[in-house]
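Student: coordinates only, sequence not included:
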């Protein structure tokens, strides 16, 4: 209350007259920051608690894997304003990506798996391939990843009758397996409902590491995990807590809650190096993920911190 504040300063023996500045509150899109509303979300079980990764609390952001440096950087970039305004959630997410891109080691994981069998690869053989930990950090080094005849790949990396712009797997098209070999899809196996259940491919033994003696190139590269060595994981995909940028603007704010703000993928596969993951990692082509407090070596659980850029294209 400025008039009362000024009267007290005028009538009290203070050695110096302080100057009071008002500034606007932070309003972030697709969420709420009001303590009253946050309490209602928790008490009415719309979220699992104050540390729910969808909550804009420090506990929630920590469980989601948002680095403290990104939060501070975000606040510093906003500065101080006197007029109320709405900050886009994408601005916060881009700040998080900038930090994690520099620090997060790269790993491979498959969220919606389909089996790929390399028919001309020796059965029972497993070899170790070299993989880059972080292409933006020369000191991050390399790691070994197992490769075998049967792999897990993403279901949407295959398409029947694919258009020319589709760069991933389709019958007769050659693609590169990340850090591994060139493969060509020769056949697919489908269930009685017409759903693809298995991809059959052949590989070029001379293309290890992505180079071939004849110098040919392929347009598409996909990630994979060796089926013989993969670890099963639960992956929790978090989206905006609300469906509208300004909850409550057009109707009661509770009605704007996003019913699809959490998608739990229970049977995913990740490379074995992630058994003892401690910090945020980037699942190549998928996003940044953080091991949840529920995670254990024999029951891995990862929360999606933030997706890759919205403009990404896997084609």
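Tutor: Ah, there it is. These figures come from a predicted structure and were not determined experimentally.
Student: how deep is residue 227 tucked in, by neighbour count?
Tutor: Using other CB atoms under 10 Å, residue 227 has 19 neighbouring residues. The C-beta positions use only the backbone N, C-alpha and C, and glycine is treated the same way.
Student: So what does it have for phi and psi?
Tutor: Backbone geometry at residue 227, expressed as degrees, to the nearest 10, gives phi -60, psi -30.
Student: do the same with the one 5 residues further on
Tutor: The main-chain torsion angles of residue 232 are listed as degrees, to the nearest 10 and equal phi -80, psi 140.
Student: isn't residue 277 right up against residue 291?
Tutor: Yes - Residue 277 is in contact with residue 291 according to CB atoms under 8 Å; the separation is 5.0 Å.
Student: Now do the shared contacts for these two.
Tutor: Jointly contacting residue 277 and residue 291 under the rule CB atoms under 8 Å, 6 or more residues apart in numbering are residue 302.
Student: Which one of the two is surrounded by more residues?
Tutor: Higher neighbour count among residue 277 and residue 291: residue 291, with 21 against 18, using other CB under 10 Å.
Student: Could you check how far the more buried one is from residue 109?
Tutor: Taking CB to CB, to the nearest Å as the criterion, residue 291 is separated from residue 109 by 12 Å.
Student: So residue 144 lies in a strand, does it not?
Tutor: Yes - assessed by DSSP: H, G, I helix; E, B strand; the rest coil, residue 144 belongs to a strand.
Student: how deep is the closest residue in space to it that isn't next to it in sequence tucked in, by neighbour count?
Tutor: Of all residues not flanking residue 144 in the chain, residue 128 sits nearest, at 4.3 Å (CB to CB, 6 or more residues apart in numbering). Residue 128 has 11 neighbouring residues, counting by other CB under 10 Å.
Student: so residue 128 is in which element?
Tutor: Using DSSP states H and E, residue 128 maps to strand 126-132.
Student: can you give me the strands in the stretch 101-250 of the chain?
Tutor: Taking DSSP state E, counting those that start in this stretch as the test, the strands found in the stretch 101-250 of the chain are 106-107, 109-110, 113-118, 126-132, 142-148, 150-154, 174-177, 182-190, 196-203, 221-222, 225-226, 231-238.
Student: With respect to residue 90, which of these lies nearest?
Tutor: Taking CB to CB, strand 231-238 is the member of these nearest to residue 90, at 14.9 Å.
Student: What average pLDDT does that closest one get?
Tutor: Averaged over strand 231-238, pLDDT sits at 98.
Student: which helices and strands does it pack with?
Tutor: Judged by 3 or more CB pairs under 8 Å, 6 or more residues apart in numbering; DSSP states H and E, the packing partners of strand 231-238 are strand 262-270, strand 300-307.
Student: Give the buried residues for it.
Tutor: 231, 233, 234, 235, 236, 237, 238 (16 or more other CB atoms under 10 Å).
Student: helices and strands around the top helix by length along the chain, which ones?
Tutor: Longest helix in the chain by number of residues (criterion: DSSP state H): helix 89-103. Where contact means 3+ CB pairs under 8 Å, 6+ apart, helix 89-103 is packed against helix 68-78, strand 287-291, strand 300-307.
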